[in-house]
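# Next come a sequence and a model predicted from it.
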Amino acid sequence: MGKIVKIALFGIGKMGQNHLRILSMLKDVEVAFLYDVNLELCESLSKSFGIKVLENLDEDLKDCDGAIIVTPTFTHFDYVNKVSDYVKNIFVEKPLTDTLDSTQIILDLAKQKSLNIQVGFIERYNPAIITLQNILRDTKIVNIDFTRTNKMSSRITDVDVVIDLMIHDIDLALHFNGDIADIYAHGVVMEGMIEYARACIIHKNGAFSNIVASRITEKRIRQISVTTHNEYIDCNLLRKEVFVDKQSVEQRLDSVSISANTETIEVRGQESLFSELLDFVNLCKDSESHQTPSAPSRINRPNQHDGMKAMQVAYKIQSLIHNANKS
């Protein structure tokens, strides 16, 4: 049995409880304590899972290997700032913070204190994305279309659709196509908040990314479509399905059935959140053994620099939409 990794969990709302469920399944992991502003919920989950509720930050955190922050976006900065005095391995749900200025402060803090920060861009761990990444390796991308829709959630009240939904696909667009040369965007603003956004991103490598995010659409969609010079690829992130339409019928991957010119690729893999948190646990273990933090094969662990790049693009999109709606 390996060393027990002790994790502190901040935030036990719906997403925080998902984290708690997965952490409870991971071997060599102990949730050292819980904290949430909802003390009644804390006490309830404390009894259900047999986990201590945070009482003294100084005492409770000093023996922890890592902290996971799943609190509302506007509180991320304060929590990272506080826990960084005690632990160097910090997981923060996306986005890293709610402003560019505070994100930059976290980057400076991470450099100053040698922090290992992982940002919760969970789609990088989606088995369908990993499959898509394998297909696109050494392939020139012409265009990627991202569509992400969800009816407005009552639990998300502090951020607009760009920060709530679109930022996942902004990260993926940067992940697949790299830095940006130009951005065009428009959207629908309701009561001061962007609820529908469409952005066209031109990357420095010549590829395009078209991203649509909506919270005024009843249907829940998580879809990616990729055009290359030789293929058209459809990727359904909810169903974990990937279809490749090719100009030839040459078989390309294992577990592929070919119908006419379409390859249906069988996507296998564990739950995205499980993979994401396992990666964070490995980060804590690497840190403890003084190894260079290693990313698992096929996945580049998203860090504070990825968080900043995504926020810079998100802010540009927000600015373009708000300015257009003023005229």
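That came through fine.

# Now do the contacts for the residue positioned nearest the centre of the chain.
Centroid check for the chain by C-alpha atoms, centre = their mean gives Phe121 as the closest residue, at 1.0 Å. Counting by C-beta atoms under 8 Å, 6 or more residues apart in numbering, Phe121 makes contact with Lys94, His168, Asp171, Leu172, Pro302, Asp306, Ala310. For the C-beta atoms, the positions are set from N, CA and C on the backbone; glycine is no exception.

# One more pass at 10 Å, please.
93-95, 167-172, 174-175, 276, 301-303, 306-307, 310 (C-beta atoms under 10 Å, 6 or more residues apart in numbering).

# can you give me phi and psi for it?
Phe121 has phi and psi values of phi -80, psi 80 when expressed as degrees, to the nearest 10.

# quick one: it and Ile90, what's the gap?
Distance, Phe121 to Ile90, by C-beta to C-beta, to the nearest Å: 15 Å.

# hmm, back to that, next one: the residue nearest to the centre of the chain from Leu9, what distance?
From Phe121 over to Leu9 the distance is 19 Å, taken as C-beta to C-beta.

# likewise Lys151?
Distance, Lys151 to Leu9, by C-beta to C-beta: 28 Å.

# Next: Ser24.
Noted for Ser24: a distance of 10 Å to Leu9, by C-beta to C-beta.

# how about the strands in the stretch 1-150 of the chain?
5-10, 29-35, 52-53, 66-69, 89-93, 116-120, 141-149 (DSSP state E, counting those that start in this stretch).

# What mean pLDDT does the third one get?
Pointing back at strand 52-53 there. For strand 52-53, mean pLDDT is 88.

# which helices and strands does that strand pack with?
When contacts are defined as 3 or more C-beta pairs under 10 Å, 6 or more residues apart in numbering; DSSP states H and E, strand 52-53 packs onto strand 29-35, helix 39-49.

# Can you list the strands that the shortest one pairs with?
When you say that, I think you mean strand 29-35. Paired neighbours of strand 29-35 in the sheet (DSSP bridges): strand 5-10 (parallel), strand 52-53 (parallel).

# pLDDT below threshold where in the protein?
The model of the chain has pLDDT under 70 over residues 1-2, 152-157, 247-260, 288-299, 327.

# Tell me which other helices or strands the lengthiest helix in it touches.
Within the chain, and with DSSP state H defining each element, the longest helix by residue count is helix 304-326. Contact here means 3+ C-beta pairs under 10 Å, 6+ apart; on that basis helix 304-326 packs against strand 89-93, helix 100-113, strand 116-120, helix 167-177, strand 180-190, strand 193-203, strand 208-214.
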